[in-house]
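Q: Structure of the sequence below:
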Amino acid sequence: MNWLPIAILGVPLLGALAVLAGRDGPGSARVLRWHSLAVSAVTFALTVLLAATFDHGDAARMQFVIDLPWIPGLAIHFHLGVDGISLPLIVLTSLLTLLCFVYLAGAGSPRPRALVFALLLLEVGMLGTFLALDLLLFFVFFEVVLIPMYFVIAIWGGPGRRAAAVKFILYTLLGSVILLLGLLLIWAQAGTLDMVALARTPGAGMTRAAQVLAFVAIGLGLAVKTPMWPLHTWLPDAHTEAPTVGSVLLAGVLLKMGTYGFARIAIPILPEGAAAVAPWLGAFAVVGIIYGALACLAQRDLKRMIAYSSIGHMGFVLLGFATLTPVGINAALFGNIAHGLITGLLFFLAGAIKDRYGTADMPSMGGGMLTRVPRLGALLTFACIASLGIPGLAGFWGEMLALLGAFTPAPGLP
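A: Below you'll find the predicted structure:
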């Protein structure tokens with residue numbers, strides 16, 4: 001079954017190329033709609049098959065490994081694999097992408113061919129980020145998502161879409177440059193780009209100072225994507241102006257690419273750097289939690305309020321990582337998935353509300369939603385309660401365990 005990672009990447013890539021090669025004509029919109037649904041459904045089915053055949057009893061072991069020479073002169077490999085950290089994120093990505101195409105099939109959009117191509121290319125980048133086991137390959141997939149998301153915001157977004165898209169691309173490109181410098185420092189010190197080999201002998205061949213410097217560089221690059229306070233300012237504008245499908249994938253998957261980097265690269269490969277920087281990471285996470293909560297109270301736009309709530313929720317994820325304990329890191333990984341599902345639902349509902357009311361401004365909508373649109377109002381109520389972190393729902397477990405880990409952090413941490 002080692003062919004599964006290639007198939008998971010190949011299906012949306014071939015689907016995107018087919019869309020690019022197609023031509024508009026009578027009935028093309030209908031064909032395009034069914035094509036996008038079929039491609040995303042097959043990709044989702046492959047990720048479900050991946051999860052079903054995954055050995056959950058040995059989740060720490062890398063499975064479905066593909067290791068092919070890519071740039072032999074630099075010892076860079078096309079190295080893919082799946083373990084218990086990446087598997088839930090791969091399934092989440094394919095699920096949300098499928099739901100986005102289902103949403104588009106019902107709602108429609110201008111320039112549908114370009115949008116379908118952008119979303120399928122975006123899916124390739126997101127899935128590749130979670131499958132990559134080579135540092136340079138990880139960086140390539142990490143960057144692939146930026147251009148299609150820029151165009152999704154800039155072309156299909158709201159009135160302020162151009163400024164929001166430029167802000168998004170500038171912030172994320174700056175973060176990517178710093179991230180690349182950190183990855184190259186690891187390569188220069190350790191002599192390999194293989195994530196599995198680097199994690200097997202954490203910190204080998206690297207001095208403490210080099211680990212701290214690499215962790216700071218990689219952490220800053222990932223913090224922009226997460227986003228961590230005070231590097232978060234691109235997020236509310238991007239969410240407010242992005243179309244519904246863009247907001248769903250941005251909150252549900254793209255933010256997780258930043259936190260995934262902490263779990264896959266920064267913490268396991270740079271243990272001494274992580275121990276030195278963890279108190280600062282925890283402090284910024286707590287500020288982000290409080291800031292996000294207070295900022296929510298000042299918002300009038302529903303999508304902007306959900307965006308600020310994401311800053312707070314991702315603060316809990318970063319707090320879990322900052323504890324450097326199994327409890328905290330598992331809390332962060334669980335919180336990642338819970339936030340993707342809950343916030344994805346919230347943005348779908350926000351889009352549906354905006355379509356019905358013609359605005360996302362909460363005072364303009366007034367009250368009585370449960371009376372006027374009872375099913376939509378009931379779903380929104382459920383999603384908001386889940387986002388609150390009520391015990392028994394998905395949002396509770398990650399946040400509660402992150403706090404538990406923060407009170408009993410790893411030895412040597414304050």
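
Q: ok, how many other residues are close to the nearest residue to F151 once chain neighbours are set aside?
A: The shortest distance from F151 to any non-neighbouring residue, by C-beta to C-beta, 6 or more residues apart in numbering, is to A118 (5.4 Å). The way it works is simple: take the backbone N, C-alpha and C, and place the C-beta from them, glycine included. A118 sits with 23 neighbouring residues when counted by other C-beta atoms under 10 Å.

Q: Then R200?
A: Neighbours of R200 under the rule other C-beta under 10 Å: 11.

Q: And it, how far from L92?
A: For R200, the distance to L92 equals 27 Å [C-beta to C-beta, to the nearest Å].

Q: coming back round to it: which residues sit in contact with the residue nearest to F151?
A: Residues in contact with A118 (C-beta atoms under 8 Å, 6 or more residues apart in numbering) are 148-149, 151-152.

Q: And the strands in the stretch 51-200 of the chain?
A: In the stretch 51-200 of the chain, the strands defined using DSSP state E, counting those that start in this stretch lie at 63-71, 76-82.

Q: Parallel or antiparallel, list what pairs with the longest one.
A: When sheet partners are counted by DSSP bridges, strand 63-71 sits next to strand 76-82 (antiparallel).

Q: buried ones in the strand it pairs with?
A: Buried residues in strand 76-82, counted by 16 or more other C-beta atoms under 10 Å: 76-77, 79-82.

Q: what's the answer for stretch 82-91, then?
A: By neighbour count on 16+ other C-beta under 10 Å, the buried set for stretch 82-91 is 82-91.

Q: Can you tell me which of those residues is closest to L281?
A: Nearest to L281 among the buried residues of stretch 82-91, counting by C-beta to C-beta, is I85 at 18.2 Å.

Q: just checking, what's the longest helix in this protein?
A: Criterion DSSP state H: the longest helix present in the chain is helix 326-357.

Q: Show the subsequent helix or strand relative to that one.
A: Once the chain leaves helix 326-357, the next helix or strand it forms, by DSSP states H and E, is helix 362-365.

Q: What helices and strands are in contact with the next helix or strand after that next one?
A: Proceeding N to C from helix 362-365, the next assigned helix or strand is helix 369-372, under DSSP H and E. Applying 3 or more C-beta pairs under 8 Å, 6 or more residues apart in numbering; DSSP states H and E, we find helix 369-372 packed against helix 374-388.

Q: average pLDDT across the helix it packs on?
A: Here helix 374-388 scores 88 as its mean pLDDT.

Q: would you put the C-alpha positions of that helix in CSV?
A: Only the C-alpha atoms of helix 374-388 are listed here, as CSV (Å, rounded to 0.1, in the frame of the first residue of the first chain):
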residue,chain,number,x,y,z
PRO,A,374,-34.4,27.7,12.7
ARG,A,375,-32.2,25.0,11.2
LEU,A,376,-29.4,27.4,10.3
GLY,A,377,-29.7,29.1,13.7
ALA,A,378,-29.6,25.7,15.5
LEU,A,379,-26.5,24.6,13.6
LEU,A,380,-24.8,28.0,14.4
THR,A,381,-25.7,27.5,18.1
PHE,A,382,-24.2,24.1,18.2
ALA,A,383,-21.0,25.2,16.4
CYS,A,384,-20.6,28.2,18.8
ILE,A,385,-21.1,25.9,21.8
ALA,A,386,-18.4,23.6,20.4
SER,A,387,-16.1,26.5,19.9
LEU,A,388,-16.6,27.6,23.5
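
Q: How far away from the center of its chain is that helix?
A: Relative to its chain's centre, helix 374-388 lies at 23 Å (C-alpha atoms, centre = their mean, to the nearest Å).

Q: on that earlier part again, got the contacts of A118 as a markdown table, with distance to L4 and neighbour count columns?
A: Listed next are the contacts of A118 as a markdown table, based on distance: C-beta to C-beta, whole Å; neighbours: other C-beta atoms under 10 Å:
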| residue | distance to L4 | neighbour count |
| --- | --- | --- |
| P148 | 24 | 24 |
| M149 | 26 | 26 |
| F151 | 30 | 20 |
| V152 | 28 | 26 |
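
Q: from these, which two are the most distant?
A: Based on C-beta to C-beta, the longest span within the contacts of A118 runs between M149 and F151 and measures 7.5 Å.

Q: quick one on the thing from earlier: reformat the strands of the stretch 51-200 of the chain as TSV; add mean pLDDT and distance to V287.
A: Shown next, in TSV, are the strands of the stretch 51-200 of the chain (pLDDT from 0 to 100; distance: least, C-beta to C-beta, whole Å):
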stretch	mean pLDDT	distance to V287
strand 63-71	84	38
strand 76-82	87	34
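
Q: how about these in a markdown table, adding distance to H239?
A: Shown next, in a markdown table, are the strands of the stretch 51-200 of the chain (distance: least, C-beta to C-beta, whole Å):
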| stretch | distance to H239 |
| --- | --- |
| strand 63-71 | 34 |
| strand 76-82 | 30 |
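
Q: Nearest approach to I269 belongs to which of those strands?
A: Closest to I269 of the strands of the stretch 51-200 of the chain, according to C-beta to C-beta: strand 76-82, at 14.7 Å.

Q: Give me the residues contacting that closest one.
A: Taking contacts as C-beta under 8 Å, 6+ apart, the residues outside strand 76-82 that touch it are 5-6, 9, 50, 54, 62-70, 90, 131-134, 136-137, 193-196.

Q: Got a PyMOL select line for the buried ones in those?
A: The buried subset of the contacts of strand 76-82, as determined by 16+ other C-beta under 10 Å, is captured in PyMOL by this line:
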select buried, resi 5+9+50+54+62+63+64+66+90+131+132+133+134+136+137+193+194+195
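
Q: any idea where the helices of the stretch 201-350 of the chain begin and end?
A: Here the stretch 201-350 of the chain has its helices, by DSSP state H, counting those that start in this stretch, at 208-225, 234-241, 244-249, 255-261, 267-269, 271-297, 302-322, 326-357.

Q: Nice, that's everything, thank you.
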